[in-house]
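Asker: Return a 3D structure for these sequence lines:
(4 chains)
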Number of protein chains: 2
Amino acid sequence: MEFNSETEQKILNAATEVFLQHGHDGARTEEIAKVAGINKALLHYYFRTKERLYQEVLNHQVKKVISDLFASLQPETDMPTFLQGFISSYVDRIQQNPQVVRFMLWEMRSGASNLQMLLSEIISDQNSPSPHSLVKRIQTAVKEKEIRQVDPHHLVFNLIAMCIYTFIAAPIIGSIFPDININDPSFLKRRKKEIFNLVWYGIKP
Amino acid sequence: MEFNSETEQKILNAATEVFLQHGHDGARTEEIAKVAGINKALLHYYFRTKERLYQEVLNHQVKKVISDLFASLQPETDMPTFLQGFISSYVDRIQQNPQVVRFMLWEMRSGASNLQMLLSEIISDQNSPSPHSLVKRIQTAVKEKEIRQVDPHHLVFNLIAMCIYTFIAAPIIGSIFPDININDPSFLKRRKKEIFNLVWYGIKP
DNA sequence: GTCTATAATAAGATAGAC
DNA sequence: GTCTATCTTATTATAGAC
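Answerer: Sure thing, here's the model as predicted:
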């Protein structure tokens, strides 16, 4: 197991910051170098091209997003607790780092075959939890009449959608409803509660 | 009232296509010219710079997205019909043109002050319907106990989130659940039904 | 109005000294 | 390993003929 040199890591961190903010096309290697506190030449020394550096960042971020998403699932608890836990921890995570989602949704244009493969790999790895765990927990709940008849996939989509939306649409929301402050703790609390209520009343038997 | 020349319009259409796909930074004026069937020089003749052309496109698209979103609201109908109408027409619109939403969410980084202003303008225009109409319809429903106590803003966020999500996350969803085809009519029908059921059961008194 | 040719600049990548 | 200086190429923008 080889460890990255400190410099390599500094470049990776800087690249992550810059790529997440500007995307692949908007990112400038010069800015990455500047943020890392080094120069372009050294960047090329470590990563050869902008493309390779981008792939490293993308790879790492995608893995992190997926595993973060399902790391905190507690399938053994009853449905309301399970939902509340998922919503709460997921909203917190997104709020702490909304850029990742914005970045992924943008860069994932249909036809990004490298990403398709990357995702397939991650999902098929049996050790790590996957969206399928979430789907399965809901399927079980339906079968045991813990909740009403509902399409598990669509419920998963709906949950993720609601947790994500306000944070990636923050600038829009801010312009349209000036009195709402997305990052205010009271907003967060409210948000979680409203999502949970809608979903729980929406699916309880 | 002056009308755009045919060529000007061809360039605008091409620019829209290219900017929506690649974003501001990824778009190339040469590609725009090619798609429009003209050359770069003519593009500059009409729009002077890439920046101005971009602003035209952005301006037009943002206005369209907002007005489309609320054009089909029918506040006079009862709540279930109202919801069903909104969900159905909104999902259809997004599905027909998911790129616009992806583009807006991406380009709206916090600090895009030109956009903030643009949105404020559109919203404050009393003639056109705004998100506030949707909020108001829900407020009324709460007041008249047509639905349970619910935060109108959050319900609006939730509705929009669910309608949008699957379409901008289509590539991700495709990779994780290979057996789901977002553009299949049966998926669309299912999607609308599941959103409506979750929301209606979730808010009925 | 529309084109070809070209200038001006920006950005990625490399050579070579230290 | 790290830097400065430089090359090469891509991209925006303009000049000038038709």
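Asker: list the contacts for the nearest residue to A:Lys50 once chain neighbours are set aside?
Answerer: Distances taken as C-beta to C-beta, 6 or more residues apart in numbering or on different chains put A:Thr29 closest to A:Lys50, at 5.3 Å, once the chain neighbours are dropped. The way it works is simple: take the backbone N, C-alpha and C, and place the C-beta from them, glycine included. Counting by C-beta atoms under 8 Å, 6 or more residues apart in numbering or on different chains, A:Thr29 touches A:40, A:43-44, A:50, A:53.
Asker: again, only using 10 Å
Answerer: Going by C-beta atoms under 10 Å, 6 or more residues apart in numbering or on different chains, A:Thr29 touches A:15, A:18, A:39-40, A:43-44, A:47, A:49-50, A:53.
Asker: Tell me the spacing between it and DNA strand C.
Answerer: Distance from A:Thr29 to DNA strand C, counting by C-beta to the nearest atom of the strand, to the nearest Å: 4 Å.
Asker: hmm, back to that, name only those of the contacts of A:Thr29 that count as buried.
Answerer: Those of the contacts of A:Thr29 that meet the buried threshold are A:15, A:18, A:43, A:47, A:50, A:53, by 16 or more other C-beta atoms under 10 Å in any protein chain shown.
Asker: If we check DNA strand C, which of these are in contact?
Answerer: Among these, the ones lying near DNA strand C by C-beta under 7 Å from any atom of the strand are A:Lys50.
Asker: what helix or strand is the closest residue to DNA strand D within chain A on?
Answerer: The nearest approach of chain A to DNA strand D comes at A:Ala41, 3.1 Å away (C-beta to the nearest atom of the strand). If you go by DSSP states H and E, A:Ala41 is part of helix A:40-47.
Asker: Next: A:Arg148.
Answerer: Judged by DSSP H and E, A:Arg148 forms part of no helix or strand.
Asker: Tell me which residues touch it, please.
Answerer: A:141-142, A:202-205, B:197, B:201.
Asker: And the pLDDT for it?
Answerer: On the pLDDT scale, A:Arg148 is placed at 98.
Asker: how much space between it and DNA strand C?
Answerer: 52 Å.
Asker: go on, A:Ala33?
Answerer: 9 Å.
Asker: in what helix or strand does that residue lie?
Answerer: Assigned by DSSP H and E, A:Ala33 belongs to helix A:29-36.
Asker: near DNA strand D, anything from that helix?
Answerer: No - judged by C-beta under 7 Å from any atom of the strand, helix A:29-36 and DNA strand D are separated, with a smallest distance of 7.7 Å.
Asker: Please enumerate the helices of chain A.
Answerer: Assigned by DSSP state H, the helices in chain A fall at A:6-26, A:29-36, A:40-47, A:50-71, A:79-96, A:98-107, A:113-124, A:131-143, A:152-168, A:170-176, A:185-203.
Asker: Go through the ones you listed and pick out the most buried.
Answerer: Of these, the one with the most neighbours on average (mean count of other C-beta atoms under 10 Å in any protein chain shown) is helix A:152-168, at a mean of 23.
Asker: Check the model's average confidence along it for me.
Answerer: Mean predicted confidence for helix A:152-168 is 98.
Asker: and it, how far from the chain's centre?
Answerer: Between the centre of helix A:152-168 and the centre of its chain there are 11 Å (C-alpha atoms, centre = their mean, to the nearest Å).
Asker: Go through the contacts of A:Thr29 and name the one nearest A:Gln99.
Answerer: The closest of these to A:Gln99 turns out to be A:Val18 (C-beta to C-beta; 10.9 Å).
Asker: Identify the residue nearest the most centrally placed residue in chain A in space, chain neighbours excluded?
Answerer: Nearest to the mean C-alpha position of chain A, by C-alpha atoms, centre = their mean, lies A:Val65 at 4.0 Å. The spatial neighbour of A:Val65 that comes closest, neighbours along the chain excluded (C-beta to C-beta, 6+ apart), is A:Val100 at 5.6 Å.
Asker: if we can go back for a sec, quick check, pLDDT for the residue nearest to the centre of chain A.
Answerer: 90.
Asker: List the contacts of A:Gly174.
Answerer: A:180-182, B:108, B:110, B:116, B:119.
Asker: Only whichever of the residues you listed are buried, select them in ChimeraX.
Answerer: Selecting only the buried entries of the contacts of A:Gly174 in ChimeraX, with 16+ other C-beta under 10 Å as the criterion:
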select /A:180,182 /B:108,116,119
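Asker: other SSEs contacting the helix or strand bottoming out on mean pLDDT in chain A?
Answerer: Across the helices and strands of chain A, mean pLDDT, DSSP states H and E gives its lowest value to helix A:113-124, namely a mean of 81. Judged by 3 or more C-beta pairs under 10 Å, 6 or more residues apart in numbering or on different chains; DSSP states H and E, helix A:113-124 is in contact with helix A:50-71, helix B:170-176.
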